[in-house]
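[1] Sequence first, then the predicted structure:
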Amino acid sequence: MEEVRIALRNVGEIDPISVEEFRAHDGFEGLKRALSMDPKAVVDEVIASKIRGRGGAGFPVGLKWNMVRDMEADQKYIVCNADEGEPATNKDRILMSGDPLSLMESMAIAGYAVGATKGLIYLRAEYPYLFPVLREAVKVATENGFLGNNILDSGFDFSITLVSGGGAYVCGEETALIESIEGKRGESRFKPPYPGCVGLYGCPTVINNVETLMNIPVILTKGAEWFRSVGTEDSAGTKIFTLCGNLNRRGIFEFPMGVSLRDLIFDVGEGVCGGELLAVQLGGGSGPILNADQIDVGLEIDHLGPNGIALGAGGVMVINDSHDILDIVENTMEFFADESCGKCTPCREGTIQLLRLLRKIKNGRGHLSDLENLEELAEVMTMTSLCGLGQSSPIPLISALKNFNDEFVSILEGRCDLW
Amino acid sequence: MVTLTIDGHNVTVEDGSTLLDAASAVGIRIPTLCFHPDQKIKANCRICVVEVEGMRTLAPACSTPVREGMRVKTLSKKVRMARKNILELIFAHHSKDCLQCGKNGTCELQAIAEEMHFDYAVRYPVVIKGNGEKDLSSPSITRDVSKCIDCNRCFSVCNDVQTVCALSRSKRGYKTLVGPAFGKELAETVCINCGQCVQACPVGALTVHDDRDDVWDMLDSDKEVVVQIAPAVRVTLAEALGEDPGVISTGRIITALRRLGFDKVFDTDFSADLTIMEEGTEFLNRLKNGGTLPMITSCSPGWIKFCETFYPECLSHLSTCKSPQGMFGAIIKTYYAESVGKDPGDIYSVSVMPCTAKKFEAKRPEMKRDGHRDIDAVLTVQELAKMIRYAGIDFGSLTEGPFDEPFGTGSGAGEIFGSTGGVMEAALRTVYETVTGRTLENLDFTAVRGFDGVKEAVIDLDGKKVRVAVAHGLGNARKIMDAVRAGKADYDFIEIMACPGGCIGGGGNPIRNWKKLSRRMEAVYRLDKALPIRKSHENPAVRRIYRDYLIEPNGEKSHELLHTSYVDRSNIVK
Amino acid sequence: MNQLSKETIDEIRQLADVYKNANERMMEVLLKMQRLTNNCFDRETLGIVSDAMGIPESKLYDYITFYSRFSTEGRGKYIIRMCKSAPCHVCGAREVAQSICDYLEVEPGDTTDDGLFTVEFCECIGLCESSPSVMINDEIYSNLTPNKIKGILDCYQKGVRV
């Protein structure tokens, strides 16, 4: 299957920090085009492209920008969310190491469009080796007049600061990320107010994921209409998928939205290694766990098929049948218990209780009623948690309960037989 | 204005109101735990969730702003299910030994559980927080993490309001624990014993250190047990026994104390007046002799430890006067003991205070002579209220009793010590008349009254302009002290009280919020207004003790008994 | 407990000057400081840091215990972070972790007697397409097998570049 590389356009093609090579590949053309336009027109172009956030939530990017653009403020910020903590996704690492200048360009475009002069990249602590790359990219972009004061004689100023994460998954949540930049524990804020109104240091703030931003220069150079022509009606453009787990071929691949999950596994990924297909976790650590009969779906942001499959951050983790599904779910729920920030009751207590109940079942001490308890607790966490972490953390467990119901029931019934 | 519907009732509230405000406006009380009316919104406990039509998830009422046309349900099946589950999650780590809990009967969690008929078993493995040990290291505050529900109210008041930062949080997720850094005991930390965390805690995780048993034992001994009651106590004790905030119950408290078996009941207003004589004289001496200015009051032991810890280079600004409790303690074990012909060791001296830090103050090495403590036990209002209930005394029906002499008379100036600005106002009444030799026409220095965080005034003493400032709550004190330290504080005399509102907001009072605090403050000034003597220097009991014993303010005897020294505590890790 | 030299304390103070109340630099500065202090902020060390930065100890403690890159207990020169998230887990991370622990004769969370290595489990380090993976300080090692990791550790022990 042929990839369609928009976000990944320069990765592997150029020397990541060579301005010359970057420019030979249309680098900074998007920024030039933007600077020749009215800022409002830039926002409108992004709105018209219908591009939605690639971090998992899928919020329309143009609307986010428009909200910040409409705010009156002395200072506004562009924050790049490079806290790629979602297990089974590492596209942003590849993007930043292979094409950091595009990221700089995108942030400058965003700054120009909404009226922000300061940008920050919040890079996760687990990518320490990317700091020198990004630092160098900021340096060469500034030296060549694409960042800093009076960019390309336009009168527009924009600077970029690198900020380090400290090892906390929750900081990928935009308000927790802001708290972390402000030198605090990465605890999510309640919303409203949204960061677009009250964000970093109380100022209107655009927060976009790395992959999202990487699409922006192309939207400016090739136009919104062209961008919309790729992908599906509901989800324009492409998506980068991280193929990982028990696959013969793993890696980062970019395809138009709507690509079939089966094709990703058996064509791009060249099939399952070490056994037959047992399950796929889609989207990332907080994504649903599907069984082998559920992979004939096209992947897009809002796909509301029979199994409520969401594309999330584009992780495709394949699990072969040498594994016990309860072991996989336990591993996933451990992750959330470890990574909950601990601020709100349902997530702080719910993540550990889901794990304890699951272990009770796995160890053969569960009752059928525990399944109902799990479902009720999951529903409460989804309805009442303060942020996306708590709201989505039950998804892997609940989807596994549904899609691998026999496995759960047989363990519980096995136990009942003892009595 | 915004109009919305809550449980079918139309309600119109101001723009910017929350769903909690709106519900309250139609008489619906939504349960809350992390919400505290004096603190910023946290929205972390999620017990206040409600259903808003069109929203994917439930909304916390405390943080959700009202919108025009919103339709809200506070009792839907979803809401009830969610609240029940959240309560269950809390009880899966919260020690449920309510009978052994200091907050039994006054716990917000217990009340919610009762209201919600929480009468079923928790469906999850119950793992209680902590190692089962209480932190009893502090003489003022007892900490029990097995009760903590992570609402962060204590953390907020300690860090944001008091800026003491004794409380931290450790780790994250289910391992989160609120408490001092590195698991230290409270007594090892910068904690200044103000007890505002006790006031903030909805459960029994932070409670007043309980000294009731010692006092009960002494009441049944051969010792003469004397008790003094602080100014603020008379406007908060009735509230602790279920009456309205601001009910004045001085006479009933005296009767109750007698019934409990105290031999003598004295009035701390007397030693408050004594404090004014000493402090006023000290101030005038400093003014005249070029002493360290601004001079800062020293009545509030929480403030004293704060200054010793965070501003040790400013200790010379502190008045050397002991607090009214400290002065009284020294007088009882010397002058009083001599006058009744008793060995100080045969007198057990108790004080009833609105303050948890007074327990710490009483244990300071400076508050001791010849092997005898000046004050043997400090009871907070909360503890005395519990003793009155224990004794089965029907407080409401008590007749009013008089204080015992020779320390039964206080002035209105002594009464207002209970409120922020009160010590300053009391001092100004005396200082004015001492300096000018004229009778003060209007005794009410309203500029130093009220709840503003920092209050300022300039007083004209026959041409000499005295610049005064008043701060309450240590976050406000810090603002002033940073200026003092930098040599930029343009004041001569400063009053600082550790607790917001002054002693009426002290950590040992019944649990309060600003609304209650203003009622208490009104009562304090009502008491002052009603008294025939409103100036410390006109108190006949004060005049008598100077004539018979102390000779003169700031004299040799005064320095021995009524003044003290301070300790540099900058070595405590901040 | 850390016994910090005067030089180290001076370096901490210099880093604190870099911070200068620029909140967004807090993490960077603390991570750099931790490298100077045996990869840990124990009570004594945090007291010094608190003093140098003008931030209350409790606030720093609040902060560092939240983020997994920090520790309040002494750690070795090299921190081996073994990813245990699902993409590594399904590709044999458990066996690799076991191999590390057996080879170094420690349990996860422990430091070797010679103070060279601390072995920790961690969550996803973003090397999912080449799992199982570990990080040793800032270096990454992917597509590991129980045997391969032993060879890598051997190089570290001998001080040879991998």
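    Great, that's in hand. Numbers count the residues shown, from 1 in each chain, chains lettered A, B, ... in the order given.

[2] do you know how far B:M1 is from B:C194?
    40 Å (Cβ to Cβ, to the nearest Å). (Each C-beta comes from the backbone N, C-alpha and C, glycine too.)

[3] Tell me which residues touch residue 49, please.
    Reading this off chain A. Neighbouring residues of A:S49 by Cβ atoms under 8 Å, 6 or more residues apart in numbering or on different chains: A:G62, A:I219, A:A224, A:F227, A:R228, A:A236, A:G237.

[4] wrong one, I was asking about chain B
    Here B:V49 is in contact with A:M383, A:T384, B:L58, B:A59, B:P60, B:A61, B:V79, B:A82, B:R83, B:I86 (Cβ under 8 Å, 6+ apart).

[5] So which of those residues are in helices?
    Members of the contacts of B:V49 lying in helices (criterion: DSSP state H): A:M383, A:T384, B:V79, B:A82, B:R83, B:I86.

[6] Who wins on neighbours among these?
    A:T384 (28 neighbours; other Cβ atoms under 10 Å in any protein chain shown).

[7] Include secondary structure, neighbour count and pLDDT when you put the contacts of A:S49 into a markdown table, please.
    Shown next, in a markdown table, are these (DSSP: H, G, I helix; E, B strand; the rest coil; neighbours: other Cβ atoms under 10 Å in any protein chain shown; pLDDT from 0 to 100):
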| residue | secondary structure | neighbour count | pLDDT |
| --- | --- | --- | --- |
| A:G62 | helix | 23 | 97 |
| A:I219 | helix | 30 | 98 |
| A:A224 | helix | 19 | 97 |
| A:F227 | helix | 24 | 98 |
| A:R228 | helix | 17 | 97 |
| A:A236 | strand | 23 | 94 |
| A:G237 | coil | 25 | 96 |
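
[8] Which of these sits closest to B:E538?
    Closest approach between the contacts of A:S49 and B:E538, by Cβ to Cβ: A:G62, at 76.0 Å.

[9] ok, the residue lying closest to the closest one once chain neighbours are set aside to A:I219 distance?
    Excluding its sequence neighbours, the residue lying closest to A:G62 (Cβ to Cβ, 6 or more residues apart in numbering or on different chains) is A:I47, at 3.1 Å. A:I47 sits 10 Å away from A:I219, taking Cβ to Cβ as the criterion.

[10] do B:K42 as well
    40 Å.

[11] so where do the helices sit in the stretch 1-150 of chain B?
    For the stretch 1-150 of chain B, the helices defined by DSSP state H, counting those that start in this stretch cover B:19-25, B:77-91, B:108-115.

[12] same check, this time on chain C
    C:6-19, C:26-36, C:43-53, C:57-64, C:86-89, C:93-104, C:146-158.

[13] how much space between A:G115 and A:D74?
    Distance of A:G115 to A:D74, computed by Cβ to Cβ: 10 Å.

[14] same check, this time on B:N476
    28 Å.

[15] Comparing the two, which shows the higher neighbour count?
    The residue with more neighbours, out of B:N476 and A:D74, is B:N476; 23 against 5, by other Cβ under 10 Å.

[16] if I read this right, the more buried one contacts B:E456, doesn't it?
    No - judged on Cβ atoms under 8 Å, B:N476 makes no contact with B:E456 at a distance of 11.9 Å.

[17] what's the nearest residue to the residue most central in space within chain B if we skip its chain neighbours?
    The C-alpha lying nearest the average C-alpha coordinate of chain B belongs to B:G506 (Cα atoms, centre = their mean; 0.6 Å). The shortest distance from B:G506 to any non-neighbouring residue, by Cβ to Cβ, 6+ apart, is to B:P354 (3.7 Å).

[18] List the contacts of the one you found.
    B:A230, B:A232, B:V233, B:T236, B:T380, B:V381, B:G418, B:C503, B:I504, B:G506, B:G508, B:N509.

[19] Same check on B:P406?
    B:Y336, B:S339, B:A541, B:R544, B:I545.

[20] can you list the domain ranges for the chain.
    Just so you know, I chose chain A. Using automatic domain parsing, the domain parsing of chain A gives A:19-229, A:238-320, A:325-417.

[21] not quite, I wanted chain C
    C:6-64, C:78-158.

[22] Need the ones you listed in JSON lines (columns: distance to B:D460).
    Formatted as JSON lines, the domains of chain C follow (distance: least, Cβ to Cβ, whole Å):
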{"stretch": "domain C:6-64", "distance to B:D460": "40"}
{"stretch": "domain C:78-158", "distance to B:D460": "68"}
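
[23] Include mean neighbour count and distance to chain A when you put the ones you listed into TSV, please.
    Shown next, in TSV, are the domains of chain C (neighbours: other Cβ atoms under 10 Å in any protein chain shown; distance: least, Cβ to the nearest Cβ, whole Å):
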stretch	mean neighbour count	distance to chain A
domain C:6-64	19	3
domain C:78-158	20	4
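
[24] Make JSON lines out of the ones you listed and add mean pLDDT.
    Conversion of those to JSON lines gives the following (pLDDT from 0 to 100):
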{"stretch": "domain C:6-64", "mean pLDDT": "94"}
{"stretch": "domain C:78-158", "mean pLDDT": "96"}
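
[25] right, so of these, which gets closest to A:M96?
    So among these, domain C:78-158 is nearest, using Cβ to Cβ, at 10.7 Å.

[26] count of residues packed around the closest residue to chain C within the stretch 51-200 of chain A?
    Using Cβ to the nearest Cβ, the closest approach of the stretch 51-200 of chain A to chain C is made by A:G166 at 3.0 Å. Residues lying near A:G166 (other Cβ under 10 Å) number 23.

[27] do the same with A:E179
    A:E179 has 21 neighbours, counted by other Cβ under 10 Å.

[28] Might you report the residue contacts of it?
    A:E179 neighbours (Cβ under 8 Å, 6+ apart): A:R185, A:G186, A:E187, A:S188, A:R189.

[29] Chain neighbours aside, what residue packs nearest to the residue in chain C that chain A sits nearest to?
    Distances between chain C and chain A by Cβ to the nearest Cβ are smallest at C:Y67, namely 3.0 Å. With sequence-adjacent residues excluded and distances taken as Cβ to Cβ, 6+ apart, C:Y67 is closest to A:G166, at 3.0 Å.

[30] what's the answer for A:E126, then?
    C:I125 (4.4 Å).

[31] Distance check, the one you found against A:G98.
    Distance, C:I125 to A:G98, by Cβ to Cβ: 18 Å.

[32] now swap in B:D462 and tell me
    81 Å.

[33] So which bits of chain C are right by chain B?
    By Cβ under 8 Å from any Cβ of the partner chain, the residues of chain C that approach chain B are C:43, C:46-47, C:50, C:56-62, C:65-66, C:72.

[34] nope, the stretch 251-400 of chain A is what I was after
    A:337-346, A:348-353, A:356-357, A:360, A:373, A:376-377, A:379-380, A:382-386, A:391.

[35] re the thing from before, nearest to chain C, out of the helices of the stretch 1-150 of chain B?
    helix B:77-91 (21.1 Å).
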